[in-house]
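>>> Everything below, folded, please.
(3 chains)
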Amino acid sequence: MKARIHVTLKSGVLDPQGKAIEHALSQLGFQGVDEARTGKVIELNLAESDPERAREQVDLMCRQLLANPVIENYDIELTT
Amino acid sequence: MKAAVVVFPGSNCDRDVAVALERAMGRPPVMVWHKDSDFEDVDLVVLPGGFSYGDYLRVGAISAHANVMREVKRRAGKGVPVLGICNGFQVLTESGLLPGALMRNKSLRFVCKDVGLKVETGQSLFTSRYETGQRVTFMAAHHDGSYFIDDAGRRQLEDREQIAFRYCDERGQVTPEANPNGSVANIAGIFNSEKTVLGMMPHPERMADPVLGGEDGRAMFEGLVEALS
Amino acid sequence: MTAEPNPEITPELVAEHGLKPDEYARVREILGRTPNLVELGIFSVMWSEHCSYKSSKKWLKTLPTEGPQVIQGPGENAGVVDIGDGQAAIFKMESHNHPSFIEPYQGAATGVGGILRDVFTMGARPVCNLNALRFGDPEHPKTRHLLSGVVAGIGGYGNCVGVPTIAGEVNFHPAYNGNILVNAMTVGLAQADRIFYAKATGAGNPVIYVGSKTGRDGIHGATMASASFEEDSEEKRPTVQVGDPFTEKLLIEACLELMETDAIVGIQDMGAAGLTSSSFEMASKGGAGVELDLDRVPVREDGMTAYEIMLSESQERMLMVLKPGREDEARRIFEKWDLDFAVVGQLTDTGRMVIRKNGQQVADLPIDPLAEAAPEYDRPWEPTPAQPEIAPADVPASEDPGAALERLLGSADLCSRRWVWEQYDYTVMADTAQRPGGDAGVVRVRGTNKALAVTVDCTPRYCLNDPVRGGMQAVAETWRNITAVGGRPLAITDNMNFGNPEKPLVMGQFVGAVKGMREACAALNYPVVSGNVSLYNETADTAILPTPAIGGVGLLPDLSKMATIAFTAEGEAIVLIGETRGHLGCSLYLRHLAGREDGAPPPVDLAAEKRNGDFVRGEIEAGRVTACHDLSDGGLLVALAEMALAAPDEIGAEISVPEGTDVPPLHAWLFGEDQGRYLLTVAEAGPVLEAAREAGVPAAAIGRTGGASLNLSSGHTIWLQQLRDAHSGWLPRYMQSDD
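Numbers count the residues shown, from 1 in each chain, chains lettered A, B, ... in the order given. All right, here's what the predicted structure looks like:
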C-alpha cells in the first residue's frame, strides 16, 4: 500500500517561500491569489496492507521524524 | 577540561570548533562519530555547524535521531553542558533539547556576514566572560536561521531569562533592521531552562582569532574552560 | 533485463553524435569495422571538443607551463605548485556555461561540485572556491533570474560542502544575453609528496567505482536517439544533472581518508562523459587495458543500458585503481561514510577497453588510438582588426568628476558585489584572512603563518577590441591583484570561453588571447598549470565577448604582512605607483559617460608591470604599506573611492591633481585605465618615493587620507555618503526591482 504525506506549515508560521510564490504569481498577471502556502509531499511504499495499521504506522513516522509539530501539520493519504 | 565534538555526516564546522576549543583548552577535543552510541566522559559536548544529512527533510531533523544523540540527550539530562552552533542549534531544537524551531531565512537567501549580538545575560557557563547587555560581533552563515516560537513560548523564554543573544545594530539596539533572518524577537541563541544547553545560529568559533577579523568569540570558549576546569 | 539496443549506424545517427564524416571514417579505420551504438557513443564524447581540445590544443601547447614552482602542469585533473615546507597548492578552473543557462541553480551547483572533485581527486583538501560569472544586459528579461539562480546554486553547493567561496567576479554585457558564463575554480592543499594522479597501472589491479549511483542524468543530446529504442519509456529522461553536495562532502572525507593509506594506484573523478572519459583517460595515461563489467556499476534506475551507463554524467562519482588486495580496507572507509563502493573491473595488459553487460561483450575498443589519436585541428583564423588608439582629448570631459564617479560606482559594472558574496559562506574552515571585496581572497594555510592569495580576472571588453592585449591584461591583472595583497604570484589556471571556433574571426580571438597570455606568463614567470576550454558559446550566431578568465594563485610567506584595500587611518600619505597617461580607449568611462565601447584597450608594458609589482610587494613585505589597491576598471578615482568606502568608518582623502601641459587632462587622469598601477597609503611618502626612484618605478604622492569626502584640488568635493549609496545600493535594488 502507498502512503502520501502532505506536510504543511501551521497557520501563523511565517512562510517566506509562499510569500514569494504569491508575489511571483501576481507579477505574472494572475489575479485573485490571496495566499500561497508551501509544504512538501512524501511518498512511501509500505509493506503493510491493512489501512488502519498502515495509518497508525505512518502517523508514528510523522510524529517522530517526518513533520515537526512545532511548525508543521501533516495529512496522510493512503492508496492501494 | 575535556570536550567532545560530535561529527555528523555533513558537519563542516567540526574542525573549526575543534581548533577554537583546542586553543582555549590547550588540548584537542574528542571527535565523536554520529554512529557511536557512547563516548568517554567529557565536561562539554559541542554539536558543530554544517549541513548534516544535507539539510534534507528538515534542517537537523535526521541528525536529531542519530545514535549519538540518545547519549547526548542522556548526558544533557544529567547536566553535562551542550553547545550547539548553527546546524548544532537546529539539531538541538529538533531533538527537543531546546524549544522552538529554525526555519528558512526570511530573505530565502543564504546569509554570510558579521552580525552584532546583544548578550542578554552574562550569568551562564557560556557567557560568563561577557557583560549583560554587551555588544559582540560573531559571524552568521546560514540558510535556515529564522528562529520560530509561538508567543507563549517566547514569553516563557523571556520570563525565565533563557534568551542568550539577540541580533542588534552597531549601537547595541535590537532593531528589525539588525535581524538578518526574520527570527522571532531577534533571537540568535537560547538556553534550556537550567542554562546548561545553549543553541545559537552565529559562529563564535569563526571570531576566535584576530586573523579572521575578530576575537569576540574567544571569550565564550575561554569562559567555558574557566567554568568547567 | 533490458536488451542493449543495436540500431544500424546510419550517417544521421553519426551526425547526431556530433562526429563529422571524416572523423567517423577515422573511427572505422581504427576499429577496422563499423562501431556499435555503445562504441559510437564513446567515440563521440571522447572526441568532443570538451574532452579532446581538438580546436584549441595546437595553441594551448604554446603556453608556458614550467617553472621551479611547478610540480604538475596541464594534463592532469588539476595543476600543482610548490608552496614550500613540503606543501603544495592544487587548483583548476572549469566552465559550466550551458547547463547554467538551462537550469541556473543546478548548472552552477554541479559546476562547483565538478571542480571540487578535480582538486580532491589529487589528494588535496579543498580550501577555497572562486568563480567568474558573466551575465547579459541587466535589462534583459532573463538576467535577474539567471543571476539569482547561479549565485544560489554556487552558494548551495559550496556552503553545504563547507569550502569557503572567497573571491570572484561578476560582469554584465549584452553579448552574454543568450549564453552566460559560469566558471568555477577550486584551490586545495596537499602534502607535496602525497599527490595522486589519474594513472592506471598494473595488470590485474582492481578498478573501483565509488560515490553516488549512476542515473540517466546529463546523457548528452544524442541520448534522444537511443531513447527512441526504448518502447516503454514513460517519462522524458532528465538531462539536467542534479548536484548532491551532501554526498560530495562525504566523498571528500572518504577519499581523503583512503588517501592517508597507500592503497590507491590512480584515481580520477567522473566528470563530463562520466565513466567513459575517466576510464579511458586513466588507462591511456598508464598504458593499461581495462575490463569493465557494467552489471556491477551501482545504478539508480532499472533497465539502464550500457550506452547510458557509459555516458551518464551523474554527479559525485569517482573511479579508482587500487593495489591488489586492498579492496576490503577501502570498502570499509566508503561504507563508514555510507557511500557506494563497487569493484567494477580490472586492468589488463591488452591496451583495450572491453566492456561487458548482462554477460555479453558490448564494446571492445583500443584505448590509445581513442584517447590520443583524437582529431586535432588547425582551424583557419583571422586577427581582430586593430581599433584606433583614442586620445584623451577626443573623449568629452565630464563637467563634474563627482557625478561621473557616482555614475560609475552605481553602474552594474562597478557596484558592490556584496549582495552576491553574502550568499556564499566565505568563512567556513576558519582560515579566511581576506574576505571577498578586496583585490584577492586570502586563506591561511592551516597551522602555519603562510597563506594563499587567490583571484580571478578578465576584462572581456578589452579582449574583444584587442585579443592580444586583452589576454595579456587578464594574466597581468591577476598577478597585480595577488601582488596588491602582498602575495608572490605562483601560477595560473585558465578558462577559455569563446564562440564558434569554426569562424575564423572567433578562432582569431582565441589565438590572439593565447598569444597575449603567453607573453604575460613568460614575462612574469607565471606559468599555466591547468585549464579548461569552452567553445561554441553562441546563440543565434552571436558570439560572447572573448573571455579568457584567469585564476591566479600566489603565496604570502608571512600572513601578518598582508595588505587590504581599506584606508586604515587619517592623515596618511597616498602614493600612486606606475605611469598615468590617461588611457580612455575601451574604458568604463567611455562606456558609461560617452556611450561608446570602441578604441584600443590599454597596452600592458610587461617589464613595467613586473618592476612596479615587485616594488609594491617589497614595500608591503617590509611592512611600510598600510593599504594597497590595484588600479583597474574605472581607473584612479574609482580605486580611491573603493579604498575610502572599504574603511569601516569611511575615510576620505585630499587629492592634488596634476597640472600643466605635459599631464593628461583631468578626466583622463582620474578615469584612465592605464595598466601596472597601484595606490598605496603609507605613514610618510618620502621613504617610499625615494625607494621607488632607486628601483626605477614611477611614483607620486597624490594626497592624504582624511575627512568624509574625496576633495580634489581642482575644486571638486565628492561626498562619500553619496558614493556609498550608489555603490552599495545598485545590486540589491536591481534584484528587488520586480517587487
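>>> next structured bit after the helix or strand of chain A with the lowest mean pLDDT?
Taking mean pLDDT, DSSP states H and E as the measure, chain A has helix A:16-27 as its least confident helix or strand, at a mean of 85. Later in the chain than helix A:16-27, the nearest helix or strand by DSSP states H and E is strand A:39-45.
>>> Now do that next one, average pLDDT.
The pLDDT scores in strand A:39-45 average 95.
>>> in the least confident helix or strand of chain A, what's buried?
The neighbour-count check on helix A:16-27 (16 or more other Cβ atoms under 10 Å in any protein chain shown) flags A:16-19, A:21-22 as buried. Any C-beta I mention is one placed from the backbone N, CA and C, and that applies to glycine too.
>>> So which of those residues would count as near chain B as well?
Among the buried residues of helix A:16-27, the residues that sit close to chain B (Cβ under 8 Å from any Cβ of the partner chain) are A:16-17.
>>> if we take the buried residues of helix A:16-27, which one ends up nearest to chain C?
Distance to chain C, by Cβ to the nearest Cβ, is smallest for residue A:19 among the buried residues of helix A:16-27, at 10.9 Å.
>>> partners of the residue of chain B found nearest chain A in the sheet?
Nearest residue of chain B to chain A, counting by Cβ to the nearest Cβ: residue B:101, 4.3 Å away. Note on residue B:101: beta-bridge partners by DSSP bridges are residue B:148.
>>> Return the backbone torsion pair for residue B:117.
Backbone geometry at residue B:117, expressed as degrees, to the nearest 10, gives phi -130, psi 140.
>>> which one is it nearest to, not counting chain neighbours?
Among residues not flanking residue B:117 along the chain, residue B:165 sits closest, at 4.3 Å (Cβ to Cβ, 6 or more residues apart in numbering or on different chains).
>>> likewise residue C:293?
Distances taken as Cβ to Cβ, 6+ apart place residue C:356 nearest to residue C:293, at 5.1 Å, with adjacent residues excluded.
>>> Touching, the one you found and residue C:290? I think so.
No - using Cβ atoms under 8 Å, residue C:356 is not in contact with residue C:290, being 11.3 Å away.
>>> circling back: return the closest of the buried residues of helix A:16-27 with respect to residue C:144.
residue A:21 (16.6 Å; Cβ to Cβ).
>>> where's the closest residue to residue B:95 other than its chain neighbours relative to chain C, distance?
Leaving aside its sequence neighbours, residue B:95 sits nearest to residue B:64 (Cβ to Cβ, 6+ apart; 3.8 Å). In this structure, residue B:64 and chain C are 16 Å apart, going by Cβ to the nearest Cβ, to the nearest Å.
>>> Show the contacting residues for residue B:64.
With contact set as Cβ atoms under 8 Å, 6 or more residues apart in numbering or on different chains, residue B:64 has these partners: B:91, B:94-96.
>>> What pLDDT does the model give it?
Predicted confidence (pLDDT) for residue B:64: 95.
>>> try residue B:207
Note on residue B:207: pLDDT of 95.
>>> The nearest residue to it once chain neighbours are set aside: neighbouring residues, count only.
Once flanking residues are discounted, residue B:207 sits nearest to residue B:217: 3.7 Å by Cβ to Cβ, 6+ apart. Residue B:217: 24 surrounding residues under other Cβ atoms under 10 Å in any protein chain shown.
>>> Can you pull the phi/psi pair for residue B:217?
With angles defined as degrees, to the nearest 10, residue B:217 sits at phi -80, psi -20.
>>> So it sits against residue B:19, correct?
No - judged on Cβ under 8 Å, residue B:217 makes no contact with residue B:19 at a distance of 11.7 Å.
>>> Spit out the residues that contact those two alike.
Common neighbours of residue B:217 and residue B:19 (Cβ under 8 Å, 6+ apart) are residue B:205.
>>> So which elements touch the least confident helix or strand of chain A?
Secondary-structure packing of helix A:16-27 (3 or more Cβ pairs under 8 Å, 6 or more residues apart in numbering or on different chains; DSSP states H and E): no helix or strand packs against it.
>>> angle of it against strand A:39-45?
Orientation check (axes from the mean of the first three to the mean of the last three Cα atoms, to 10 degrees): helix A:16-27 against strand A:39-45 gives 110 degrees.
>>> Helices along chain B, start to end?
B:14-25, B:67-77, B:87-94, B:151-159, B:218-228 (DSSP state H).
>>> Can you point out the buried residues in the first one?
Along helix B:14-25, these residues count as buried under the neighbour rule (16+ other Cβ under 10 Å): B:14-21, B:24-25.
>>> Residue C:199: neighbouring residues, count only.
Counted with other Cβ under 10 Å, residue C:199 comes out at 19.
>>> which residues does it contact?
Residue C:199 makes contact with C:265-266, C:282, C:285-286, according to Cβ under 8 Å, 6+ apart.
>>> and residue C:167, helix, strand or coil?
Under DSSP: H, G, I helix; E, B strand; the rest coil, residue C:167 falls in the strand class.
>>> Now do the strands in chain B.
Using DSSP state E, the strands of chain B run over B:3-7, B:30-33, B:44-47, B:82-85, B:101-103, B:111-119, B:135-142, B:146-148, B:163-168, B:187-191, B:197-200.
>>> neighbour-wise, which of the contacts of residue C:199 leads?
In terms of neighbours by other Cβ under 10 Å, the contacts of residue C:199 top out with residue C:282 at 27 neighbours.
>>> Does the helix or strand containing that one pack against any helices or strands, and if so which?
Taking DSSP H and E as the criterion, residue C:282 maps to helix C:274-286. With contacts defined as 3+ Cβ pairs under 8 Å, 6+ apart, helix C:274-286 has these neighbours: helix C:37-46, strand C:264-269, strand C:289-293, helix C:306-311, strand C:317-322, strand C:352-357, helix C:367-372.
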